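Asks: sequence first, then the predicted structure:
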Amino acid sequence: MNIKAKLTIGIGVLVAMIVLLVVLAVVNLQILTATDPDSPAAGPGLYRALIWISVVGVACIAIGFTMLLRLPSAINKPIKELTDAILEIANHNYEKRLNIRDSAEFAEVSRNFNRMAQRLADYHASTLAEMMAAKKYMETIINSINEPIIGLNNEMEILFVNDEALNVFGLKRNDVLRHSAQEIALRNDLLRKLIRELIGDIPQGKKEPLKIYADNKESYFQAKYMTITQTKTDNRTPEKKGYVILLKNITEFKELDSAKTTFISTISHELKTPISAILMSLRLLEDKRVGALNPEQEELSGSIKENADRLLDITGELLNMTQVESGKLQLKPKITKPIELIEYAIKANQVQAEKFNIQIEVEYPEDKINKLFVDSEKIAWVLTNLLSNAIRYSHENSRVIIGARSVGDGYIEMYVQDFGKGIDPRYHKSIFDHYFRVPGTKVQGSGLGLSISRDFVEAHNGSLTVQSELGKGSTFIMRLKS
């Protein structure tokens, strides 16, 4: 029986009882009105009327009270069961089923709900199986990577880690997955260093490779940090989802680089002896006590000297480079006046400047300027190299400016400015790399001077930068703490 039929029957019975009560009251009232109050039949008639009206009234009250108790419950109970079942489904309990048979409507709702729940359970089971298979596949891929890799969410919890990373970090999978990387880092020095670099606690700059004992030997790793982003539902705004830390094993390259450095250092040392012998022989050859040279021989002698000097400069630059790369660069700082370094650089380049008719101008403050505590030999080499470059890349009959100035916070800047063709902004960073030369450059050089200069300056915790525009010349600025 459906709810509508229950309501119709219940209300119909109640209305019929009320009508019966009213009819009995009216009929008995008419009978009593027609009966003489003093007759013997009046008392029993009144008594019978009261009995019937009371019985029917009590029956009406009982039926109404029964309907009050049973009818709301009959409607509310299946609705509550349906609501509870929907909440179970919302909480991913797809095994929930309804068994409501009190009314035809709710029986149909129950059957439809159970059909929906079964389909959701089947879909969830298939989706879960696919997700587990995809997760297993991803784990297999991650573990097949030979480089240590760690994935983190925005809360810095470790989401995944491959076997290689567990081996390098000396951790167990169950101890790290879904755990805070920052808490684990408190007892793991390597992870602590990586996390600090990731969140920016370590200043950005020239990061040295990590030296880690792995695979029963000392290995070198380069850390790479990647931010994982996902496009939001509007398909426009990227949303950060976490980070990936990848450690690239560069041990092989480090060993090759070390071998290269050793080779260059050895060759440079070996080359200096025959070059010095060539220059000594050339000096003896040019000695007029041995005999005068004709113009053609003098020209050849000058060419030999020029190339021998150039070769000697290159070997010197190579030796400086190997000192920096091998970590054997030793600084011998002492108190030095900036003007002394400038004068040394001018003196070393005077002949070259006169050759191209370049006027060297000095800009030095009249006020007292602080002294520097630096390795004067190396900083003088840097200034000499910068001034030499400025002369070589300047037009003939032009000028070059070399100077120094205080810039506050206890820093001093020494600079060299030329008015040549300038450097394309695309190459402002690349010119400080080893062996790099700006495309189209006709001036001869090894491509090491600026690289070594930067290394020397950075060894003093300073900086070497360039300001240049095409057609307007270049200014190289060396900034050092006084």
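Replies: Thanks, I have the structure now.

Asks: how far does the longest helix belonging to the chain sit from the chain's center?
Replies: Taking DSSP state H as the criterion, the chain has its longest helix at helix 42-90. With Cα atoms, centre = their mean, to the nearest Å as the basis, helix 42-90 stands 70 Å off its chain's centre.

Asks: could you give the mean pLDDT of the next helix or strand after it?
Replies: As assigned by DSSP states H and E, the chain's next helix or strand after helix 42-90 is helix 104-144. For helix 104-144, the mean per-residue pLDDT is 78.

Asks: so what strands line up beside the helix or strand following helix 104-144?
Replies: Once helix 104-144 ends, the next helix or strand along the chain (criterion: DSSP H and E) is strand 149-153. If you go by DSSP bridges, strand 149-153 pairs up with strand 158-161 (antiparallel), strand 238-249 (antiparallel).

Asks: quick one, the longest helix of the chain and helix 104-144 angle?
Replies: 20 degrees (axes from the mean of the first three to the mean of the last three Cα atoms, to 10 degrees).

Asks: packing partners of helix 42-90?
Replies: In terms of contacts (3 or more Cβ pairs under 8 Å, 6 or more residues apart in numbering; DSSP states H and E), helix 42-90 is packed against helix 3-34, helix 104-144. Every residue, glycine included, has its C-beta placed from N, CA and C.

Asks: let's go with 6 Å and repeat that
Replies: On a contact count with 3 or more Cβ pairs under 6 Å, 6 or more residues apart in numbering; DSSP states H and E, helix 42-90 meets helix 3-34.

Asks: okay, the strands paired with strand 149-153 in a markdown table with mean pLDDT, mean neighbour count and distance to residue 110 next?
Replies: Shown next, in a markdown table, are the strands paired with strand 149-153 (pLDDT from 0 to 100; neighbours: other Cβ atoms under 10 Å; distance: least, Cβ to Cβ, whole Å):
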| stretch | mean pLDDT | mean neighbour count | distance to residue 110 |
| --- | --- | --- | --- |
| strand 158-161 | 88 | 20 | 42 |
| strand 238-249 | 86 | 16 | 42 |
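
Asks: for residue 396, which of these is the nearest?
Replies: strand 238-249 (49.0 Å; Cβ to Cβ).

Asks: ok now the closest one, how far from the chain's centre?
Replies: 6 Å.

Asks: could you do stretch 402-410 as well?
Replies: Using Cα atoms, centre = their mean, the offset of stretch 402-410 from its chain centre is 37 Å.

Asks: in that stretch, what counts as buried?
Replies: 402, 403, 404, 405, 406 (16 or more other Cβ atoms under 10 Å).

Asks: now those residues in CSV, with distance to residue 151?
Replies: Shown next, in CSV, are those (distance: Cβ to Cβ, whole Å):
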residue, distance to residue 151
402, 53
403, 52
404, 51
405, 50
406, 49
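
Asks: between these, which is closest to residue 50?
Replies: Closest to residue 50, out of all of the buried residues of stretch 402-410 and judged by Cβ to Cβ, is residue 406, at 121.0 Å.

Asks: could you check how far that closest one is from residue 283?
Replies: 44 Å (Cβ to Cβ, to the nearest Å).

Asks: before we move on, what about residue 242?
Replies: For residue 242, the distance to residue 283 - Cβ to Cβ - is 69 Å.

Asks: how about the strands in the stretch 251-400 of the chain?
Replies: For the stretch 251-400 of the chain, the strands defined by DSSP state E, counting those that start in this stretch occupy 334-336, 359-363, 372-374, 399-406.

Asks: next one: phi and psi at residue 433?
Replies: The phi and psi torsions at residue 433 (degrees, to the nearest 10) take the values phi -90, psi 150.

Asks: let me know the pLDDT of the residue nearest to it when sequence neighbours are not counted.
Replies: Of all residues not flanking residue 433 in the chain, residue 451 sits nearest, at 6.2 Å (Cβ to Cβ, 6 or more residues apart in numbering). Reading off the confidence values, residue 451 has pLDDT 83.

Asks: give the contact list for the closest residue in space to residue 113 that isn't next to it in sequence.
Replies: Counting by Cβ to Cβ, 6+ apart, residue 98 is the residue found nearest to residue 113 once chain neighbours are left out, at 5.0 Å. Contacts for residue 98 (Cβ atoms under 6 Å, 6 or more residues apart in numbering) come out as 85, 110, 113, 114.

Asks: out of those, the closest to residue 246 would be?
Replies: residue 85 (48.0 Å).

Asks: tell me how many other residues surround that closest one.
Replies: Residue 85: 20 surrounding residues under other Cβ atoms under 10 Å.

Asks: surely it is in contact with residue 96?
Replies: Yes. Counting by Cβ atoms under 6 Å, residue 96 is a contact partner of residue 85 at 5.2 Å.

Asks: any low-confidence regions in the stretch 301-450 of the chain?
Replies: 310, 314, 316-329, 442-446 (pLDDT under 70).

Asks: if we use 80, what do you get?
Replies: 301-331, 434-437, 439-448 (pLDDT under 80).

Asks: quick one: the helices in it?
Replies: Ranges of helices within the stretch 301-450 of the chain are 338-355, 376-392, 449-459, based on DSSP state H, counting those that start in this stretch.

Asks: so which of those comes closest to residue 361?
Replies: Nearest of the helices of the stretch 301-450 of the chain (Cβ to Cβ): helix 338-355, 10.1 Å.

Asks: now residue 208, what's its secondary structure?
Replies: Following DSSP: H, G, I helix; E, B strand; the rest coil, we place residue 208 in the coil state.

Asks: okay then, goodbye and thanks.
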